[in-house]
Each structure stands twice: as C-alpha cells, then as structure tokens.
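Chemist: My questions concern the predicted model and sequence given below.
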Amino acid sequence: MTQPLLELAGIAKSFGPIDVLHDICLEVHRGEVLCLLGDNGAGKSTLIKILSGVHKPTSGTVAMDGRPVAFDSPRDAAAHGIATVHQFGGTFPLMSIGRSFFVGAELTRRWGPFTIFDRRRANEIAVRETRQLGITRIDDGNRLVGGLSGGERQALAIARAVHFGASVLILDEPTAALGVKEAAHVLRIILQARRKGIAVILITHNVVHALTVGDHFAVLIKGAKAADFRRGEKSREEITDLMAGGEHMAALEAEIESTMAVHDDPQPSVDA
Ligand SMILES: Nc1ncnc2c1ncn2[C@@H]1O[C@H](COP(=O)(O)OP(=O)(O)O)[C@@H](O)[C@H]1O
Ligand SMILES: [Mg+2]
C-alpha cells in the first residue's frame, strides 16, 4: 500500500464537557473514495470540520504525505489542497455561475491565472470545467447559481475543487437532497474526480450510493470508529446494520428509493 495522503491518528474532539470524537485513526489514499458512514450525531461533520480547518482536534494528529499538519483556518486547509463541498453545494444563490466559481479570491490569486477578476474569462472557465463533468445544461456563466438544480450545484462545486487543484475533496451528503437521476450523475462526477487521482471523502446516509462509488468505508458510531473495511469485504446488509440497525432500515430505504424513482420519472402527460 502506498503512503496515505492523509493520516489521522488518535483524533479526539470535545466541546467543553461533551466528547464528540474518540481516538479516530483513519487513512485516506489518492485516487480512492472513502465513504464516511454513520447515523445522525455520530460525529461525521465534526470529523470533516477538523480536516477542513473549521475545528482543531482536542488531541491527536493529522499528517499529510507523512508530515504533520495543523490547519489554522478553512483557508489554510484549502491552501493545503483540501476542498470541502458542504451540503447543497455550498454556493451562493444570488451569485452568477462564473462569479461563484471564483469566489474566495485568495484561491484565485494563489492558484488561478488572474490577479483581478475577469468576468468573461471566469464565465468561460466555469462553464467549460462544469461541462467537462458532463453538465451540459450549464452554458452561460452569467446565470445565477440559484437557478441551478441541486445536482448542478454539486457539479459546479466539484468542478471548482478540481479546477483549483484540490488533492482531497470532501463532500458532506452531496446526494441527500437529490432525485435518483441527479444523484447518479453526482456519483459519476465523484468517480471522475477519483480517476484524476483525487482522494474523495464522501459522507452519506445512503448505503447504495456508498457501495456504488466507495473503495474504502469507515463507520462512526457515537464518535468512535466502529468499522473500517474495503470494498467487497461487507455486504450491503452488514453495512446497513452497522449504520443503523438492520433489515428494517434496508427495507425502508428500498421503499423510499422506489417512491423517489416514481417521482423522478413522471409518466408522459396525456393531453385531453
Ligand atoms: N460546536 C458544537 N458544540 C457542542 N456539541 C457539538 C458541536 N458540534 C457538534 N456537536 C455535537 O457532536 C455530535 C456529533 O455531531 P456531528 O458531527 O454534526 O454529527 P453527524 O455529522 O454525524 O450527524 C452531536 O451530538 C452534536 O450535537
Ligand atoms: Mg453532519
């Protein structure tokens, strides 16, 4: 096995008297999708906030390429190549596509080709990079982000991370609010990022989505790592059990999916 890109050792996090994470050890590799699974309140977001520079661990270490790192801020984590896409794409509804692609001018100055904002070029690049991920409906960088679908916003945010050279892409529930087809598209884009050698950390509640793209899986239960395994080592049922407690959950999930499929594929309307 190659040296991990990111290595967490003994990470713990407490907020005052509340212990949220205990002794988390985890390796993240280039060109792999790590699925971080666990029920609500398990500590998934807290863990990725440590990796994205929002929180500092109470104890434990994070190493990148074998060297210890401590992120002072989200900007600092981004400068280390860690891009985090928050739920709903973390974008700004009233901003144009081109403008939102280049928001956070510090990134543009550090990695981008410009020192001043160039709207025409920004639009061109945002549209091109997003289209490269297969989102062909984005054709005008002047359009507002608010007019995009949830999946298109996720794609825009992922395209942005790829464009700015992220080596780690963290996605917090990117498919949670999406229909079946849109979710499938976002999963395809995740695989494209993986093929570019990016290490993807995917947080999801959806076992099917995790199994579709995951190379490596870690399950958090009450702030501790309850399982760590690779693709093929556990069945969907075992993973569902680990996440929330069994068949019950799997059956409910299947029911929800079939309901969503019906909504995603409306019957052609019959004109009277
Ligand atoms: N800033 C905070 N202060 C106190 N408790 C927090 C804070 N952030 C998260 N927690 C607690 O930590 C636990 C894990 O939260 P979180 O990491 O958001 O879980 P998940 O993302 O897995 O749903 C929850 O019980 C939550 O209430
Ligand atoms: Mg969360």
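Modeler: Structure received. Ligands and ions are numbered 1, 2, ... in the order given.
Chemist: Okay, helices next: where are they in the protein?
Modeler: 44-51, 74-79, 97-101, 105-111, 119-132, 150-163, 180-195, 207-213, 236-244, 247-264 (DSSP state H).
Chemist: Out of the ones you listed, flag the one nearest ligand 1.
Modeler: Of all the helices of the chain, helix 44-51 sits nearest to ligand 1, with 3.2 Å by C-beta to the nearest ligand atom. C-beta here means a position set from N, CA and C on the backbone, and glycine is covered the same way.
Chemist: could you say what helices and strands the closest one packs with?
Modeler: strand 6-15, strand 18-28, strand 33-37, strand 82-85, strand 168-172, strand 199-203 (3 or more C-beta pairs under 8 Å, 6 or more residues apart in numbering; DSSP states H and E).
Chemist: out of the ones you listed, nearest to Glu257?
Modeler: strand 33-37 (17.2 Å; C-beta to C-beta).
Chemist: Extract the CA atoms of the closest one and return them as PDB.
Modeler: Provided in PDB are the C-alpha atoms of strand 33-37 (Å, rounded to 0.1, in the frame of the first residue of the first chain):
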ATOM      1  CA  VAL A  33     -13.200   7.200  -2.400                       C
ATOM      2  CA  LEU A  34     -13.500   6.900   1.300                       C
ATOM      3  CA  CYS A  35     -17.100   6.700   2.500                       C
ATOM      4  CA  LEU A  36     -17.700   8.100   6.000                       C
ATOM      5  CA  LEU A  37     -20.900   6.500   7.300                       C
END
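Chemist: ok, it near ligand 1 or not?
Modeler: No: Strand 33-37 does not reach ligand 1 (C-beta under 6 Å from any ligand atom); its nearest approach is 8.5 Å.
Chemist: Now do that strand, average pLDDT.
Modeler: The average of the pLDDT scores along strand 33-37 is 96.
Chemist: and what of stretch 73-81?
Modeler: In the prediction, stretch 73-81 has an average pLDDT of 91.
Chemist: What of stretch 231-241?
Modeler: In this model, stretch 231-241 has a mean pLDDT of 90.
Chemist: ok, now stretch 146-154?
Modeler: On average, stretch 146-154 scores 87.
Chemist: so how far is that stretch from its chain's centroid?
Modeler: 15 Å (C-alpha atoms, centre = their mean, to the nearest Å).
Chemist: Distance across that stretch, terminal residue to terminal residue?
Modeler: 12 Å (C-alpha to C-alpha, to the nearest Å).
Chemist: Can you list the buried residues in that stretch?
Modeler: Leu148, Gly150, Gly151, Glu152, Arg153, Gln154 (16 or more other C-beta atoms under 10 Å).
Chemist: Can you pull the residues of this protein lying near ligand 1?
Modeler: Phe15, Ile18, Val20, Gly38, Asn40, Gly41, Ala42, Gly43, Lys44, Ser45, Thr46.
Chemist: what's the pLDDT at the last one?
Modeler: So the one you mean is Thr46. Looking at Thr46, the pLDDT reads 95.
Chemist: what's the answer for the third one, then?
Modeler: The model reports Val20 with a pLDDT of 97.
Chemist: Give me the neighbour count for it.
Modeler: Other residues near Val20 come to 18 when the count uses other C-beta atoms under 10 Å.
Chemist: same deal with the fourth one?
Modeler: When neighbours are counted by other C-beta under 10 Å, Gly38 registers 25.
Chemist: Asn123 and Asn142 touch, don't they?
Modeler: Yes: Asn123 lies in contact with Asn142 (C-beta atoms under 8 Å); the separation is 6.2 Å.
Chemist: got any residues that touch both of the two?
Modeler: Ser96, Ile97, Gly98 (C-beta atoms under 8 Å, 6 or more residues apart in numbering).
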